[in-house]
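# Build the 3D model from these lines:
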Amino acid sequence: MTTGLLIVVLVAVFFGAIAQRIAGLGFALLISPFLVILLGSHGGVLMVNVCGLVSSAMIMFRVKKDIDWSMYRWLAIPAVCGSIPASVAAVYLPAAPMAVVVGVIVLVALTVSLLMQRTPVTVTGNAPKAVAGFVAGVTNAVAGVGGPAVSAYALMARWPQRQFAATLQPFFVTIALVTLTSKLSLDASQMPPFAAWAWALVALMIIIGIYAGEKLQRFIRDDQARAAVVILAFFGAAAALVKGIFDLAA
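Residues are numbered from 1 along each chain as shown. Down below sits the predicted model:
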């Protein structure tokens, strides 16, 4: 781990934490493609889950009064069912195809999320919640990105933003824990080889990013924050996809 690489990782984590605090999601969308490029497919996705777990746990206690626990259960239980087999499969996928998969999943998820914002369709009932949770569990395990599926559901169900952002925090904690436990129990060597002081810096950047996000939140509308996250994530996902294709061709 070179100093330059660590600095880039820390900057990505910092901005990801800001996005997570302002919009309720965006951490994984923003940093997953970049960390896959920097740390490799397996290490990058694990790093996203570690950082997402820490940031969501911190935010969760600050927004707990707005959490819809009934909604959480309908999302989280199917997500666990999807996350475990997907985590096992992801451990044995080679790095180059994984980079392509990450890039494609993020690009498709972003596109679907954008299209959902313009649809007049409204979904009701528990089945769509369960489907959204299951898909989020699978995509989080494979690409470190669980937000777009539940975001698309929230848009189509007209889920209020405050409850949506708050409820996603324990949801992200759950799927990150399941994914990390499943993958590391099979192959602990996939974890990025950071020294203890480097992990401490990562945690510090998350704390500072959350604090900065809280200060910025009063000046930035949710739609503006999400737009910025989407733009950056598109570039990152495209870069991860191109890298994976070049690695496959090499």
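
# who are the neighbours in contact with residue 167?
66, 67, 68, 69, 71, 72, 75 (CB atoms under 8 Å, 6 or more residues apart in numbering). Quick note: C-beta positions are derived from backbone N, CA and C, even for glycine.

# And the average pLDDT for stretch 168-175 is what?
The average of the pLDDT scores along stretch 168-175 is 93.

# scratch that, stretch 85-103
Averaged across stretch 85-103, the pLDDT comes to 79.

# what packs against the helix or strand containing residue 111?
For residue 111, the host element (DSSP states H and E) is helix 95-116. Contact partners of helix 95-116 among helices and strands, from 3 or more CB pairs under 8 Å, 6 or more residues apart in numbering; DSSP states H and E: helix 27-39, helix 41-60, helix 127-143, helix 147-157, helix 222-249.

# Compare those helices and give me the one nearest residue 214.
Each of the helices and strands packed on helix 95-116 has some distance to residue 214 by CB to CB; the shortest is helix 41-60, at 9.3 Å.

# hmm, back to that, which among the contacts of residue 167 count as buried?
Applying 16 or more other CB atoms under 10 Å to those, the neighbour count classes 66, 67, 71, 72, 75 as buried.

# Can you tell me which of these is nearest residue 212?
Taking CB to CB as the measure, residue 212 lies nearest residue 66 of the buried ones among the contacts of residue 167, at 20.8 Å.

# Give me the neighbour count for the spatially closest residue to the closest one that is not a sequence neighbour.
By the measure of CB to CB, 6 or more residues apart in numbering, the closest residue to residue 66 outside its immediate chain neighbours is residue 166, 3.6 Å from it. Under the neighbour criterion other CB atoms under 10 Å, residue 166 is assigned a count of 21.

# Which of the helices or strands spans residue 166?
helix 161-186.

# and the angle for that helix with helix 27-39?
The directions of helix 161-186 and helix 27-39 differ by 30 degrees, with axes from the mean of the first three to the mean of the last three CA atoms, to 10 degrees as the criterion.

# From the contact counts, what lies against the helix or strand following helix 161-186?
Using DSSP H and E, the next helix or strand after helix 161-186 towards the C-terminus is helix 196-217. Counting contacts by 3+ CB pairs under 8 Å, 6+ apart, helix 196-217 packs against helix 3-23, helix 41-60.
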